[in-house]
Structure formats: structure tokens, C-alpha cells
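*Asks:* using only what follows, build the 3D model:
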Amino acid sequence: MDDVPDHFDSREQWPHCPTIKEVRDQGACGSCWAFGAVEAMSDRYCIKSEGKVMPHISAEDLLSCCETCGMGCNGGYPESAWDHWKSKGLVTGGQYDSHKGCQPYKIAACDHHVVGKLKPCKGDSPTPKCERKCEAGYNVSYSDDKHFGQSAYSVRSDPAEIQKEIMTNGPVEGAFTVYADFPTYKSGVYQHTSGSALGGHAIKILGWGEENGTPYWLVANSWNSDWGDEGFFKIKRGNDECGIESGIVGGLPKFSVEA
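*Replies:* Got it, this is the predicted structure:
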């Protein structure tokens, strides 16, 4: 394995993969566990196929149809999301109101902890009900649109292992404890200093680096690009800050045999 570089950004490493740069919006729903998963899965199809296969995997399908994943908009389990991808597959689907893919997200975007161009997120939406069909006008059937994982696994909570996983296979899903001092993040490397725990939050880790001598992970949030640093943030790397290194999951996409 190549030596791990000091700085790595999946957006620069695989510039032909548009989903790596994308920041999605989970809306007023505790579906971060589904977003971190489908974001990384989408990236990995593109990375592993060298840009030949570029699906935008549906958060809607995972959120509403995974029966083993937890409680939908009231929270869920990243590991189970990847297992579901491997066993049941996931269809494609764009963001809210995009009319892209089989099942676009049904919960409207909103502003998370910031005053932006959208209305503020309030409460938790009910979990959308599972519909095993594509939206009208999409010309592929639900079952034919399914994209599967070949494998699903967790990654040891060793920073070097996580780095090798990202360099080799692409972004991963991770999770951490959100404290009261996190939602106001704007720039720099986040480290928890004050405030009580608000709950767990799943995200996509796409790289790492060092800023003013502090090592960090580069992370995509799912609170749209009005939040944080255009939707991204950096969090201290190497000391399991807020548990960021303890819940890393990933998997490899399965490709149908090329005709």
C-alpha cells in the first residue's frame, strides 16, 4: 500500500465523480444515517467503475424501505444501511423536487442551525412510507433500477486504516456525537470544547489534512450548503474526537456484467 499522504481530498483524487462534491439535505428528518450511506455508495460506484457508472443512490428508498435500519426519521444504524444495500439493493433518486432517478427525496430542504435562503428546519417529519415503485415518468422499473453492494463492512477505528480505506475505495460513512458547540461551525478544525451532547450524527468522510498544525478529517454534512463551510466541515483527526473514528462503515459496489 502506498504511504498515506499528509493531505487527501476525494474531490481532487476523483474529479470525474460529481457526487463526491455534492452536499445533500436531509430536511427535518433524522435520516443522517441514510444520507451518509447513499452519498458514499454513489461515490464508490463512480470511483470503482472509473466514471462509467454514476448513479445517484436514493436516500428515500433506504430511509423508507429498510426494515432493519432502525426508526427512519427518528434515527437509524449506518451498518444496517450498508447490509441492506448488499441484500436488497437501492434504487436511484435525486434531491427533493429534482424529479431525477427512480425515487427522489420527498422531504423538503430547510436551513439547519443557520439563517439562509430556506425556511428553518422544524421538528421531525414522519418517515415516508415504503413504495416499491419509481416516480411517474421514470422509464425503468423499481426492481430493474436496484443497485447492489457486493460487500458491506466496518473499518477498524485506527486512523491509518480509515485513511487507507478512503484512498483505496473512496469516501466512507462515519458517525460522531454532536455537542451544542458543533451546529454553529463555520470554518477551521472543530474540536468539542463546551456544551452538552445533543445526539449522534452520521456523515460522509472524504479526506484529511492538517490546518495550523492540527490534523483533521474532511467531512460532508447533509445540512445543505448554507451550513458550515459550504456544507463541509473539518474535525480533529487522531484522537477519536467525539467518536468520529469509532463508527466507520463502507462496502464495495456490485456491477452487472458489461454487455
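*Asks:* so which helix or strand takes in Asp124?
*Replies:* Using DSSP states H and E, Asp124 maps to neither a helix nor a strand.
*Asks:* moving C-terminal from the longest strand anywhere in the chain, which element do we reach first?
*Replies:* Using DSSP state E, we find that the single longest strand of the chain is strand 197-211. Next along the chain after strand 197-211, taking DSSP H and E as the criterion, comes strand 214-220.
*Asks:* now the helix or strand just after that next one: average pLDDT?
*Replies:* Beyond strand 214-220 on the C-terminal side, the first helix or strand identified by DSSP H and E is strand 232-236. Regarding strand 232-236, the rounded mean pLDDT is 99.
*Asks:* list the buried residues in strand 232-236.
*Replies:* Phe232, Phe233, Lys234, Ile235, Lys236 (16 or more other CB atoms under 10 Å). (Glycine included, C-beta is placed from N, CA and C.)
*Asks:* what is it packed up against?
*Replies:* The contact analysis (3 or more CB pairs under 8 Å, 6 or more residues apart in numbering; DSSP states H and E) places strand 232-236 against strand 189-190, strand 214-220.
*Asks:* now the strands for the stretch 1-150 of the chain?
*Replies:* All strands of the stretch 1-150 of the chain, identified by DSSP state E, counting those that start in this stretch, fall at 8-9, 149-155.
*Asks:* figure out which of those is closest to Asp111.
*Replies:* With CB to CB, the closest approach to Asp111 among the strands of the stretch 1-150 of the chain belongs to strand 8-9: 26.2 Å.
*Asks:* relative to the whole chain's centre, how far out is the closest one?
*Replies:* Centroid displacement of strand 8-9 relative to its chain, using CA atoms, centre = their mean, to the nearest Å, is 17 Å.
*Asks:* and stretch 85-104, by the same measure?
*Replies:* Mean-position distance between stretch 85-104 and its chain equals 14 Å (CA atoms, centre = their mean).
*Asks:* end to end on stretch 120-139, go ahead and measure it.
*Replies:* 35 Å (CA to CA, to the nearest Å).
*Asks:* pLDDT on it, on average?
*Replies:* On average, stretch 120-139 scores 96.
*Asks:* who's in contact with that stretch?
*Replies:* Outside stretch 120-139, the residues that touch it by CB atoms under 8 Å, 6 or more residues apart in numbering are 27-30, 60, 63-65, 71-74, 91, 99, 101-104, 106-107, 110-112, 140-143, 145.
*Asks:* repeat the analysis, applying 7 Å as the threshold.
*Replies:* With contact meaning CB atoms under 7 Å, 6 or more residues apart in numbering, stretch 120-139 is reached by 27-30, 60, 63-65, 72-74, 91, 99, 101-104, 106-107, 110-112, 140-142, 145.
*Asks:* and that stretch, what's buried?
*Replies:* Applying 16+ other CB under 10 Å to stretch 120-139 flags Cys121, Asp124, Ser125, Thr127, Pro128, Cys134, Tyr138 as buried.
*Asks:* now the second one, nearest residue through space, not along the chain?
*Replies:* For Asp124, the nearest residue in space outside its immediate sequence neighbours is Cys73; the separation is 5.0 Å by CB to CB, 6 or more residues apart in numbering.
*Asks:* what about that neighbour, neighbour count?
*Replies:* Cys73 is flanked by 21 other residues according to other CB atoms under 10 Å.
*Asks:* which residues touch it?
*Replies:* Counting by CB under 7 Å, 6+ apart, Cys73 has contacts Cys29, Gly30, Ser31, Asp124, Ser125, Pro126, Thr127.
*Asks:* repeat the analysis, applying 6 Å as the threshold.
*Replies:* Going by CB atoms under 6 Å, 6 or more residues apart in numbering, Cys73 touches Cys29, Gly30, Ser31, Asp124, Ser125, Thr127.
*Asks:* kind regards, and thank you for your time.
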